[in-house]
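A.B. asks: Let's see this in three dimensions:
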Amino acid sequence: QVQLVESGGGLVQPGGSLRLSCAASGSIFSIGVMDWYRQAPGSQRELVAAVTSDGRTTYTDSVKGRFTISRDNAKNTVYLQMNSLKPEDTAVYYCHALLKVESTGNGPWYTYWGQGTQVTVSS
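C.D. replies: Numbers count the residues shown, from 1 in each chain. This is a model prediction of the structure:
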């Protein structure tokens, strides 16, 4: 079994900061890309930021310069530092990872999702 467990969401005022964490655990062989998605009420889930196993990053335009994604491969953990938060950043944030499991070794990639964490930006 593999789990992705997120933490760090909450309520913050506009202009404030939050740091999300997502730890992967279980029978993991290797982890490829790790990323963060978000879904606001009435909207589709969108990719916010992604980081490859060698540290290459990508961001959606609306968060460039404000959000930073990083990962600690030794801890199988990905982070999302969110600064200068805006009300339009309000959403449920989901951690996602592509990984290989021990039972199949260097075989197929599997996709896993966290349970989601609420981020609310409001005064």
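A.B. asks: which residue is nearest the middle of this protein?
C.D. replies: The centre of the chain sits closest to residue 36, judged by CA atoms, centre = their mean, with a distance of 2.8 Å.
A.B. asks: mind listing what that residue touches?
C.D. replies: Residues near residue 36 by CB atoms under 8 Å, 6 or more residues apart in numbering: 20, 22, 47-50, 69, 78, 80, 93-96. Just so you know, the C-beta spots here come from the backbone N, C-alpha and C atoms, and that holds for glycine as well.
A.B. asks: what pLDDT does it get?
C.D. replies: Predicted confidence (pLDDT) for residue 36: 98.
A.B. asks: how about it, secondary structure?
C.D. replies: Under the three-state scheme (DSSP: H, G, I helix; E, B strand; the rest coil), residue 36 adopts strand.
A.B. asks: what's the burial count for the nearest residue to residue 16 once chain neighbours are set aside?
C.D. replies: Residue nearest to residue 16 in three dimensions, not counting chain neighbours: residue 85, with 5.4 Å by CB to CB, 6 or more residues apart in numbering. Using other CB atoms under 10 Å as the criterion, residue 85 is surrounded by 22 other residues.
A.B. asks: and residue 85, that's in a helix?
C.D. replies: No. The assignment for residue 85 by three-state DSSP gives coil, which leaves it out of any helix.
A.B. asks: All further residue positions should be reported with the first residue as 822.
C.D. replies: Done: numbering now begins at 822, and the last item shifts to residue 906.
A.B. asks: gap between it and residue 895?
C.D. replies: Per CB to CB, to the nearest Å, residue 906 is found 29 Å from residue 895.
A.B. asks: do you know how far the residue nearest to residue 823 when sequence neighbours are not counted is from residue 920?
C.D. replies: Here the nearest residue to residue 823 in space, its sequence neighbours aside, is residue 847; by CB to CB, 6+ apart that works out to 3.8 Å. Distance of residue 847 to residue 920, given as CB to CB: 9 Å.
A.B. asks: what touches both of the two?
C.D. replies: For the pair residue 847 and residue 920, residues contacting each of them under the criterion CB under 8 Å, 6+ apart are residue 823.
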